[in-house]
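1. fold the following.
(one chain, ligands or ions: 4)
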Amino acid sequence: MILTGSELRKKFLQFFASKEHLVLPSASLIPQDDPSLLLIGAGMAPFKPFFTGKMKPPSERISTCQKCIRTGDIENVGRTARHHTFFEMLGNFSFGNYFKKEAIAWAWEFLTEEIKLPKDKLWITIHTSDDEAFDIWRNEIGIYAEKIIRLEDNFWEIGPGPCGPCSEIHFDLGEARGCGKPDCQVGCSCDRYLEIWNLVFTQFDRDEAGNYTPLAKKNIDTGAGLERIASVLQGKPSNFETDLLFPIIEHTMKVAGVSYGTSAKTDVSLKVIADHARSVTVMIADGVLPSNEGRGYVLRRVLRRAVRHGRLMGIERPFLADIVDVVADIFADVYSDLNEKKAFIKKVIQQEEERFHTTLAQGIELLNAHVNDMKQRNDILLDGATAFKLYDTFGFPWELTFEILEENGMQLDKAAFDEAMKEQRERARSARQERDDKIIIPDLSALVTQRVTYNPAAETAKILVLLQ
Ligand code: ATP
Ligand code: MG
Ligand code: MG
Ligand code: MG
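-> Ligands and ions are numbered 1, 2, ... in the order given. Coordinates of the predicted model:
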């Protein structure tokens with residue numbers, strides 16, 4: 001069955017609505033009342049108070065398609081077929097209502113009957129200890145025992161609190177997509193077995209001492225990657241070729257004057273830009289603004305990385321703001337706020353891009369001066385302190401320092417640079433702890449100058465009014 005990303009999203013939510021779930025819109029990427037979290041990274045994250053019992057949910061069965069940011073996956077973007085910094089997680093949740101049996105049966109029904117994935121391509125993982133899940137998969141669903149793999153890692157917990165085993169559903173993309181290693185099987189990090197859905201069975205409460213007590217009211221938390229299932233349904237080699245991302249690649253191809261599929265290096269850059277453009281657009285729409293700390297720093301880092309990849313393909317002028325139109329079109333039927341906030345989003349991106357280009361020009365000039373100096377001294381090792389100053393004081397990306405030195409047959413005193421970097425990270429961490437829920441809005445200083453207590457919705461509304 002071939003479905004567009006939008007159709008798949010709708011089908012999933014309609015399916016769970018038919019199983020009496022309350023369908024809620026995606027929550028903002030900015031966590032509400034949760035200082036432990038910088039950005040929402042999973043469908044369950046906005047529902048934490050319902051899982052811990054701190055708040056009563058509006059329904060014991062909820063289903064969503066949640067916007068997620070996972071910067072931890074940033075290095076994987078474009079290198080694996082399946083990782084994004086921004087993606088959408090489809091999910092169904094039970095707060096003390098149904099449990100394992102229904103969660104497994106419905107996931108299977110959706111995949112094999114609603115969207116008609118071939119059963120023989122699906123593999124299951126469960127936790128080593130979870131005989132209950134094994135019995136359901138084996139006896140009620142009828143999966144061969146050899147296709148139910150027990151893994152030690154299939155246990156979900158973050159410190160003390162509700163936790164439990166999980167069961168993942170993987171799609172076998174075929175031997176040709178595998179790493180070819182003799183021990184390649186489900187769970188291997190290569191591209192053969194695509195993890196599409198994770199079913200978490202929150203059945204224990206873990207105390208501070210590490211004791212697990214069964215919960216009186218057990219919960220279900222599931223998460224399925226929209227882009228990953230779309231890639232399977234659309235028969236594409238990666239998420240990036242689906243209609244959820246490819247229009248951005250096509251647009252960027254024109255801007256850069258390159259084609260997709262001709263060079264591995266260029267493909268990575270096109271994929272990184274497609275991914276990062278979605279992240280940046282949605283983060284700004286949800287009220288994140290570039291800054292040097294917290295979520296604003298995540299945004300700045302992702303945006304600058306996209307610019308860097310543009311430069312790798314020879315794009316030397318600001319180009320990201322124009323991509324917002326393409327992103328808003330892709331999400332027109334689900335995140336219509338992108339269209340409404342387009343002018344604002346573009347302005348923020350444009351300003352940040354221009355600022356970064358100035359930084360780059362300045363940094364290149366400074367570094368070239370050092371390089372010339374070193375040439376005269378017959379020196380080929382740039383000291384760590386100078387490189388770190390370029391990075392820390394001038395905001396010059398350290399990867400560029402490496403590259404430019406390399407082009408000149410030179411090197412960097414990496415140990416000294418790493419040491420300075422480590423010290424800076426420690427400083428930043430303690431600063432972040434102190435100011436976690438405050439942001440500064442330096443880039444829009446012409447519009448908003450005061451330091452504000454963080455309230456994204458109010459901030460965005462205020463800035464939109466100012467821009468009118
Ligand atoms: P992987 O092992 O592939 O990194 P994961 O186990 O970290 O995935 P979960 O935390 O279980 O992922 O998230 C639930 C689902 O969300 C996954 O099964 C997958 O379909 C999707 N997903 C997770 N991370 C990403 C990502 N970075 N980009 C796109 N989809 C993702
Ligand atoms: Mg992961
Ligand atoms: Mg996984
Ligand atoms: Mg998983």
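2. ok, which stretches of the stretch 301-450 of the chain are strands?
-> Ranges of strands within the stretch 301-450 of the chain are 381-382, 411-412, 438-439, based on DSSP state E, counting those that start in this stretch.
3. weakest of those in terms of mean pLDDT?
-> With a mean of 42, strand 438-439 has the lowest mean pLDDT of the strands of the stretch 301-450 of the chain.
4. in the stretch 151-300 of the chain, which residue sits nearest ligand 1?
-> Distance from ligand 1 to each residue of the stretch 151-300 of the chain (Cβ to the nearest ligand atom) is smallest for Gly225, at 2.6 Å. Heads up, the C-betas are built off the backbone N, CA and C, glycines and all.
5. and that residue, what pLDDT?
-> The model's pLDDT for Gly225 equals 98.
6. quick one: contacts for the residue of the stretch 351-468 of the chain at minimum distance from ligand 1?
-> Proximity of the stretch 351-468 of the chain to ligand 1 (Cβ to the nearest ligand atom) peaks at Glu399, 21.5 Å away. Each residue near Glu399 by Cβ atoms under 8 Å, 6 or more residues apart in numbering is listed here: Arg308.
7. just grab the bridge partners of the residue of the stretch 151-300 of the chain closest to ligand 1 for me.
-> Met89 (DSSP bridges).
8. let me know whether it touches Asn198 as I believe.
-> No - when contacts are counted by Cβ atoms under 8 Å, Gly225 is not listed as touching Asn198 (9.1 Å).
9. for the spatially most central residue of the chain, grab phi and psi.
-> The centroid of the chain falls nearest to Thr85 when counting by Cα atoms, centre = their mean (2.6 Å). Note on Thr85: its backbone torsions stand at phi -90, psi -40 [degrees, to the nearest 10].
10. what's the pLDDT at it?
-> Per the predicted model, pLDDT is 98 at Thr85.
11. next: the one 10 residues further on.
-> The predicted structure scores Phe95 at 96 on the pLDDT scale.
12. what separation do you get for it and His21?
-> 11 Å (Cβ to Cβ, to the nearest Å).
13. cool, Val371 as well?
-> In terms of Cβ to Cβ, Val371 sits 61 Å off from His21.
14. who has more neighbours out of these two?
-> His21 (23 against 18; other Cβ atoms under 10 Å).
15. show me what contacts the more buried one?
-> His21 neighbours (Cβ under 8 Å, 6+ apart): 59, 61-63, 92-93.
16. around ligand 1, pick out the residues from the chain.
-> By Cβ under 6 Å from any ligand atom, the residues of the chain that approach ligand 1 are 70, 73, 82-84, 87, 89, 195-198, 223-225, 227-228.
17. now those residues: which count as buried?
-> Among the residues of the chain next to ligand 1, those scoring as buried are 70, 73, 82-84, 87, 89, 195-198, 223-225, 227-228 (criterion: 16 or more other Cβ atoms under 10 Å).
18. and the two most separated of those residues?
-> Taking Cβ to Cβ as the measure, those span a maximum distance of 17.3 Å, between Asp73 and Trp197.
19. how does this protein divide into domains?
-> Following automatic domain parsing, the chain resolves into domains at 5-233, 245-379+437-467.
20. of all those domains, which has the lowest average per-residue confidence?
-> Among the domains of the chain, domain 245-379+437-467 scores lowest, at a mean of 84.
21. next one: that one to chain centre, how far?
-> 16 Å (Cα atoms, centre = their mean, to the nearest Å).
22. for stretch 393-400, same thing?
-> With Cα atoms, centre = their mean, you get 24 Å for stretch 393-400.
23. tell me the mean pLDDT for it?
-> 82.
24. which residues of the stretch 251-400 of the chain fall in helices?
-> 264-285, 294-312, 320-330, 337-340, 342-376, 384-392, 398-407 (DSSP state H, counting those that start in this stretch).
25. so of those, which one's packed in deepest?
-> Mean neighbour count, computed with mean count of other Cβ atoms under 10 Å, is highest for helix 264-285 among the helices of the stretch 251-400 of the chain, reaching a mean of 24.
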